[in-house]
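Pasting the sequence and the predicted model now:
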Amino acid sequence: MPVKIRLQRHGKKGKPFYWIVAADGRSKRDGKFLEKIGTYNPNVNPAAIDLDVDGAVKWLQNGAQPTDTAKAILSYKGAMLKNHLLGGVRKGALTEEQAEEKFEAWLSEKNAKIQAKADAIAKAEADTKTKAFEAEVKVNEDRMAAANEAEEAAIKAVADAKAAEKAAEEVVEEEAPQSIDDAQAAAAEEGKKE
(Lines give C-alpha, C1' and ligand atoms only; values in the text may rest on other atoms or scores of the structure.)
Protein backbone atom coordinates (compact mmCIF):
# COMPACT_ATOMS: atom_id res chain seq x y z
CA MET A 1 0.00 0.00 0.00
CA PRO A 2 1.74 3.24 -1.14
CA VAL A 3 1.32 5.89 1.56
CA LYS A 4 1.31 9.57 0.65
CA ILE A 5 1.61 12.60 2.90
CA ARG A 6 -0.70 15.10 1.27
CA LEU A 7 -3.16 17.92 1.82
CA GLN A 8 -6.86 17.29 2.31
CA ARG A 9 -9.00 20.32 1.53
CA HIS A 10 -11.56 21.64 3.99
CA GLY A 11 -13.07 25.08 4.52
CA LYS A 12 -15.48 26.98 2.35
CA LYS A 13 -15.38 28.22 -1.21
CA GLY A 14 -12.63 30.81 -1.62
CA LYS A 15 -11.31 30.19 1.92
CA PRO A 16 -9.42 26.91 1.84
CA PHE A 17 -8.18 25.18 4.97
CA TYR A 18 -6.12 22.02 4.69
CA TRP A 19 -5.41 19.01 6.84
CA ILE A 20 -2.00 17.42 6.39
CA VAL A 21 -2.67 13.68 6.34
CA ALA A 22 -0.96 10.37 5.73
CA ALA A 23 -3.27 8.50 3.33
CA ASP A 24 -3.31 5.59 0.95
CA GLY A 25 -2.23 6.90 -2.46
CA ARG A 26 -5.28 5.27 -4.08
CA SER A 27 -7.88 6.99 -1.88
CA LYS A 28 -9.70 10.18 -2.92
CA ARG A 29 -8.21 13.57 -2.13
CA ASP A 30 -10.76 14.32 0.59
CA GLY A 31 -11.49 10.69 1.35
CA LYS A 32 -10.26 8.13 3.84
CA PHE A 33 -6.90 8.76 5.52
CA LEU A 34 -4.65 6.86 7.91
CA GLU A 35 -3.59 9.69 10.24
CA LYS A 36 -4.00 13.46 10.50
CA ILE A 37 -0.59 14.96 11.24
CA GLY A 38 -1.30 18.67 11.00
CA THR A 39 -3.19 21.63 9.55
CA TYR A 40 -2.34 24.38 7.06
CA ASN A 41 -4.22 27.69 6.79
CA PRO A 42 -3.04 29.83 3.85
CA ASN A 43 -5.61 32.58 4.54
CA VAL A 44 -3.48 34.41 7.10
CA ASN A 45 -0.15 36.15 6.67
CA PRO A 46 2.21 34.43 7.43
CA ALA A 47 0.42 31.14 6.76
CA ALA A 48 -0.54 29.20 9.88
CA ILE A 49 0.94 25.71 9.95
CA ASP A 50 0.39 23.33 12.86
CA LEU A 51 2.35 20.11 12.34
CA ASP A 52 3.17 17.08 14.48
CA VAL A 53 6.83 16.88 13.43
CA ASP A 54 7.45 13.56 15.16
CA GLY A 55 4.39 11.99 13.51
CA ALA A 56 5.50 13.24 10.10
CA VAL A 57 9.03 11.89 10.66
CA LYS A 58 7.59 8.51 11.69
CA TRP A 59 5.64 8.30 8.41
CA LEU A 60 8.66 9.45 6.37
CA GLN A 61 10.85 6.77 7.98
CA ASN A 62 8.21 4.16 7.16
CA GLY A 63 8.39 5.10 3.47
CA ALA A 64 5.58 7.62 2.99
CA GLN A 65 6.13 9.92 0.02
CA PRO A 66 5.07 13.57 0.44
CA THR A 67 3.48 15.47 -2.44
CA ASP A 68 5.28 18.59 -3.63
CA THR A 69 3.24 21.00 -1.52
CA ALA A 70 3.34 18.73 1.52
CA LYS A 71 7.11 18.38 1.10
CA ALA A 72 7.48 22.17 1.08
CA ILE A 73 5.41 22.40 4.28
CA LEU A 74 7.37 19.59 5.95
CA SER A 75 10.64 21.34 5.01
CA TYR A 76 9.33 24.66 6.33
CA LYS A 77 8.48 23.11 9.70
CA GLY A 78 11.69 21.03 9.90
CA ALA A 79 10.28 17.51 9.53
CA MET A 80 12.48 16.79 6.49
CA LEU A 81 15.58 18.03 8.37
CA LYS A 82 14.75 15.93 11.40
CA ASN A 83 14.27 12.87 9.17
CA HIS A 84 17.65 13.57 7.57
CA LEU A 85 19.35 13.97 10.97
CA LEU A 86 17.79 10.73 12.25
CA GLY A 87 19.14 9.00 9.11
CA GLY A 88 22.59 10.23 10.13
CA VAL A 89 22.04 8.87 13.64
CA ARG A 90 21.08 5.47 12.19
CA LYS A 91 24.25 5.42 10.09
CA GLY A 92 26.41 6.43 13.06
CA ALA A 93 27.52 9.82 11.70
CA LEU A 94 25.84 11.67 14.60
CA THR A 95 24.74 10.94 18.10
CA GLU A 96 21.12 11.56 19.10
CA GLU A 97 22.18 14.52 21.25
CA GLN A 98 24.04 16.14 18.36
CA ALA A 99 21.08 15.62 16.03
CA GLU A 100 18.68 17.07 18.59
CA GLU A 101 21.02 20.04 19.19
CA LYS A 102 21.26 20.79 15.45
CA PHE A 103 17.50 20.53 15.10
CA GLU A 104 16.86 22.88 18.04
CA ALA A 105 19.38 25.42 16.67
CA TRP A 106 17.65 25.31 13.29
CA LEU A 107 14.22 25.66 14.94
CA SER A 108 15.23 28.71 16.97
CA GLU A 109 16.73 30.39 13.89
CA LYS A 110 13.58 29.63 11.88
CA ASN A 111 11.31 30.99 14.62
CA ALA A 112 13.37 34.19 14.74
CA LYS A 113 12.91 34.64 10.96
CA ILE A 114 9.17 34.02 11.22
CA GLN A 115 8.85 36.50 14.08
CA ALA A 116 10.85 39.11 12.14
CA LYS A 117 8.51 38.69 9.17
CA ALA A 118 5.44 39.00 11.40
CA ASP A 119 6.90 42.15 12.99
CA ALA A 120 7.65 43.64 9.57
CA ILE A 121 4.10 42.97 8.43
CA ALA A 122 2.66 44.52 11.60
CA LYS A 123 4.92 47.57 11.21
CA ALA A 124 3.89 48.00 7.57
CA GLU A 125 0.22 47.84 8.56
CA ALA A 126 0.77 50.39 11.31
CA ASP A 127 2.61 52.72 8.90
CA THR A 128 -0.19 52.40 6.36
CA LYS A 129 -2.81 53.22 9.00
CA THR A 130 -0.75 56.20 10.20
CA LYS A 131 -0.35 57.57 6.68
CA ALA A 132 -4.06 57.12 5.97
CA PHE A 133 -4.94 58.90 9.22
CA GLU A 134 -2.58 61.79 8.45
CA ALA A 135 -4.06 62.13 4.95
CA GLU A 136 -7.57 62.12 6.41
CA VAL A 137 -6.62 64.78 8.97
CA LYS A 138 -5.14 66.94 6.18
CA VAL A 139 -8.30 66.58 4.07
CA ASN A 140 -10.45 67.51 7.07
CA GLU A 141 -8.28 70.55 7.81
CA ASP A 142 -8.48 71.67 4.17
CA ARG A 143 -12.25 71.16 4.23
CA MET A 144 -12.56 73.21 7.45
CA ALA A 145 -10.35 75.98 6.02
CA ALA A 146 -12.47 76.11 2.86
CA ALA A 147 -15.65 76.26 4.97
CA ASN A 148 -14.19 79.07 7.10
CA GLU A 149 -13.17 81.03 3.99
CA ALA A 150 -16.64 80.58 2.53
CA GLU A 151 -18.21 81.75 5.81
CA GLU A 152 -15.92 84.80 5.94
CA ALA A 153 -16.73 85.61 2.31
CA ALA A 154 -20.46 85.34 3.07
CA ILE A 155 -20.11 87.62 6.10
CA LYS A 156 -18.14 90.14 4.02
CA ALA A 157 -20.73 89.98 1.25
CA VAL A 158 -23.53 90.64 3.76
CA ALA A 159 -21.55 93.55 5.24
CA ASP A 160 -20.89 94.98 1.75
CA ALA A 161 -24.57 94.64 0.88
CA LYS A 162 -25.56 96.48 4.07
CA ALA A 163 -23.00 99.22 3.35
CA ALA A 164 -24.27 99.58 -0.22
CA GLU A 165 -27.87 99.71 1.02
CA LYS A 166 -26.96 102.40 3.55
CA ALA A 167 -25.10 104.41 0.90
CA ALA A 168 -28.10 104.14 -1.42
CA GLU A 169 -30.40 105.36 1.35
CA GLU A 170 -28.13 108.36 1.98
CA VAL A 171 -28.15 109.25 -1.72
CA VAL A 172 -31.91 108.96 -1.84
CA GLU A 173 -32.22 111.10 1.30
CA GLU A 174 -30.04 113.84 -0.19
CA GLU A 175 -31.97 113.93 -3.43
CA ALA A 176 -35.47 113.46 -2.03
CA PRO A 177 -37.12 116.20 0.07
CA GLN A 178 -37.53 115.47 3.74
CA SER A 179 -41.22 116.42 3.86
CA ILE A 180 -43.95 118.13 1.87
CA ASP A 181 -43.20 121.48 3.48
CA ASP A 182 -39.60 121.21 2.40
CA ALA A 183 -40.72 120.41 -1.12
CA GLN A 184 -42.96 123.50 -1.25
CA ALA A 185 -40.15 125.65 0.09
CA ALA A 186 -37.77 124.30 -2.49
CA ALA A 187 -40.31 125.01 -5.27
CA ALA A 188 -40.84 128.57 -3.99
CA GLU A 189 -37.13 129.22 -4.06
CA GLU A 190 -36.91 128.03 -7.62
CA GLY A 191 -39.82 130.33 -8.52
CA LYS A 192 -38.04 133.36 -7.06
CA LYS A 193 -34.95 132.65 -9.04
CA GLU A 194 -36.83 132.75 -12.26
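Right, received. Where do you want to start?

Tell me the secondary structure of Tyr40, please.
strand (DSSP: H, G, I helix; E, B strand; the rest coil).

Could I get the pLDDT score of it?
As summarised for this prediction, Tyr40 has a pLDDT of 95.

What segments of this structure are helices?
Ranges of helices in the chain, per DSSP state H, are 53-61, 68-77, 79-91, 96-175, 180-193.

So which of these is nearest Leu7?
helix 68-77 (5.9 Å; CB to CB). For glycine as for every other residue, the C-beta is placed from the backbone atoms N, C-alpha and C.

now the closest one against helix 53-61, angle please.
Angle between the axes of helix 68-77 and helix 53-61 is 130 degrees (criterion: axes from the mean of the first three to the mean of the last three CA atoms, to 10 degrees).

For helix 68-77, which helices and strands make contact with it?
strand 3-12, strand 35-41, strand 48-51, helix 53-61, helix 79-91 (3 or more CB pairs under 8 Å, 6 or more residues apart in numbering; DSSP states H and E).

now these as TSV including distance to Lys129?
Formatted as TSV, these follow (distance: least, CB to CB, whole Å):
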stretch	distance to Lys129
strand 3-12	29
strand 35-41	24
strand 48-51	23
helix 53-61	36
helix 79-91	37
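
Dump those to a markdown table, plus distance to Lys110 and mean neighbour count.
Listed next are these as a markdown table, based on distance: least, CB to CB, whole Å; neighbours: other CB atoms under 10 Å:
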| stretch | distance to Lys110 | mean neighbour count |
| --- | --- | --- |
| strand 3-12 | 20 | 17 |
| strand 35-41 | 16 | 19 |
| strand 48-51 | 11 | 14 |
| helix 53-61 | 12 | 19 |
| helix 79-91 | 10 | 17 |
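
Would you agree Ile121 is in contact with Ile114?
No - between Ile121 and Ile114 there is no contact under CB atoms under 8 Å: 10.8 Å.

Give the intersection of the neighbour lists for the two.
Residues within reach of Ile121 and of Ile114 at once, by CB atoms under 8 Å, 6 or more residues apart in numbering, are Pro46.
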